[in-house]
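A.B. asks: structure for the following, please:
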Amino acid sequence: MLKFAALLLIFFCFALGGNAMANAERERIARGDGMILLIRSIRQGAAYFRQPLGEIFDSFSCPALEKSGFLKTLCERGLAEAFSAFQNEFGYDSFTEHRLSDFAAALGKLPLEEQLLSCDRILALLEEKAAEAKAAFPKKNKLYRTLGMTLGVGVVILLL
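C.D. replies: Numbers count the residues shown, from 1 in each chain. Modelled structure (predicted):
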């Protein structure tokens, strides 16, 4: 009986591991959506209200970015340093990371019209990447969950 309980526990651990990987992917997508909202907020604050970046960052709120600690770093050190510290949390490819890093470094240093154009360009790129990630999520979700359960069954069979 004890052996059966241990094998069942092992199976559930692997199944929960697959579930955790699927949830991590879901959170990565939510952080990407939060970055899009942040850039839109920057664009709106600059274009319509002529707000300084500090005020825009302080007034911005996004649960996914707040949970990861990104917003705290953003308010303390700015977008360039916050993205540099948390770039792995977003799951972007190297091209997108480079473009976003360049955008963040130039933020607040360009004339208003160029800044707005820069916001529009990075928004287009991030929205494209978000759409790709959302389209791929159902397959990845199923893969991670199935992989966790399959590995669990495999280990249980090996231990029998």
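
A.B. asks: okay, CA-based contacts and neighbour counts for the rest of this
C.D. replies: OK.

A.B. asks: so which residues of this structure form helices?
C.D. replies: For the chain, the helices defined by DSSP state H cover 2-44, 53-59, 63-68, 70-77, 79-86, 94-106, 112-159.

A.B. asks: can you redo those helices as TSV with mean neighbour count and mean pLDDT?
C.D. replies: Shown next, in TSV, are the helices of the chain (neighbours: other C-alpha atoms under 10 Å; pLDDT from 0 to 100):
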stretch	mean neighbour count	mean pLDDT
helix 2-44	18	95
helix 53-59	15	93
helix 63-68	16	95
helix 70-77	18	95
helix 79-86	17	95
helix 94-106	15	96
helix 112-159	16	96
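
A.B. asks: give the contact list for the closest residue to Glu27 other than its chain neighbours.
C.D. replies: Nearest residue to Glu27, sequence neighbours excluded (C-alpha to C-alpha, 6 or more residues apart in numbering): Ala64, at 7.0 Å. Residues near Ala64 by C-alpha atoms under 8 Å, 6 or more residues apart in numbering: Glu27, Ala30, Arg31, Gly34.

A.B. asks: what of Ile29?
C.D. replies: Contacts of Ile29 by C-alpha under 8 Å, 6+ apart are Phe90, Ala130, Ala133, Lys134.

A.B. asks: try 10 Å
C.D. replies: Going by C-alpha atoms under 10 Å, 6 or more residues apart in numbering, Ile29 touches Asn23, Met35, Ala64, Glu89, Phe90, Gly91, Lys129, Ala130, Ala131, Ala133, Lys134, Phe137.
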